[in-house]
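Q: Quick check, what structure comes out for this input:
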Amino acid sequence: MEGRIDLAKRGDRAALEELVREHYARVYRFCARRIGDDWAADATQETFVTMQKTLKNFKRASTLDTWLLGIAHNHCRNLARKKGKEFQATETWLSQLADRQSHSVIDREALKAAMAQLSDEHREVVLLHEVEELRYADIAEILGVPEGTVKSRLHHAFLNLRRWLNES
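A: The predicted structure follows:
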């Protein structure tokens, strides 16, 4: 993969197209979960336009996938703000989280209600960790916060979720 990135950085259109094809579905799903299917295509397209313009700045401090999700995260947030839509977990994302937890006796509606009570920052790290299955370091990179902040937010989010789910 490093070969394609280097080629794309030097302007090789075929290498750039391969990178887009390889990562498009993941970025689209990420955007769709954040802002819904209606706007996911726009955010995904903007992500890859940004990738093309800024790939020369990619230093490999993270994986290309994580770097792209960070760009997508920003485009989703900006698009949601511009369209006046709340930037939060979509129904699909919450359903996937509930489905992943189906081995336990968690009611989907109770989980949805508990997730709604979380702050945006706490909800975001839970979804990135549990649904997107991202590592702490990747979440930190995407959100632009220290890894310790991600761990702290997850810890407090899970404490609150447990408390609220036990109360319901």
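Q: Secondary structure element holding Asn160?
A: Assessed by DSSP states H and E, Asn160 sits inside helix 147-167.
Q: could you say what helices and strands that helix packs with?
A: With contacts taken as 3 or more C-beta pairs under 8 Å, 6 or more residues apart in numbering; DSSP states H and E, helix 147-167 sits against helix 108-117, helix 120-130, helix 136-143. Placement of C-beta: from N, CA and C, glycine included.
Q: how far out from the middle of the chain is that helix?
A: Relative to its chain's centre, helix 147-167 lies at 18 Å (C-alpha atoms, centre = their mean, to the nearest Å).
Q: Determine the number of other residues adjacent to Lys53.
A: Residues near Lys53, counting by other C-beta atoms under 10 Å, number 9.
Q: Could you report the pLDDT at it?
A: We have a pLDDT of 95 for Lys53.
Q: host element of it?
A: In this assignment (DSSP H and E), Lys53 forms part of helix 37-54.
Q: Low-confidence regions, this structure specifically.
A: Along the chain, the model assigns pLDDT under 70 to residues 1-2, 84-106, 168.
Q: 80 instead?
A: 1-2, 83-109, 168 (pLDDT under 80).
Q: Ser119 and His156, how far apart?
A: 9 Å (C-beta to C-beta, to the nearest Å).
Q: Comparing these two, which shows the higher neighbour count?
A: Legend: neighbour count by other C-beta under 10 Å for Ser119 and His156, higher for His156 (15 against 11).
Q: what's the closest of the helices and strands packed on helix 147-167 to Lys59?
A: Among the helices and strands packed on helix 147-167, helix 136-143 comes nearest to Lys59, with 11.6 Å by C-beta to C-beta.
Q: buried stuff in the closest one?
A: Under the neighbour-count criterion of 16 or more other C-beta atoms under 10 Å, helix 136-143 has 136, 138-143 buried.
Q: cool, and stretch 25-36?
A: 27-36.
Q: roughly how far apart are the nearest residue to Ser62 once chain neighbours are set aside and Leu79?
A: Beyond its immediate neighbours in the sequence, the residue positioned closest to Ser62 (C-beta to C-beta, 6 or more residues apart in numbering) is Glu141, lying 4.8 Å away. According to C-beta to C-beta, Glu141 and Leu79 sit 21 Å apart.
Q: Same question for Lys53.
A: Going from Lys53 to Leu79 by C-beta to C-beta gives 17 Å.
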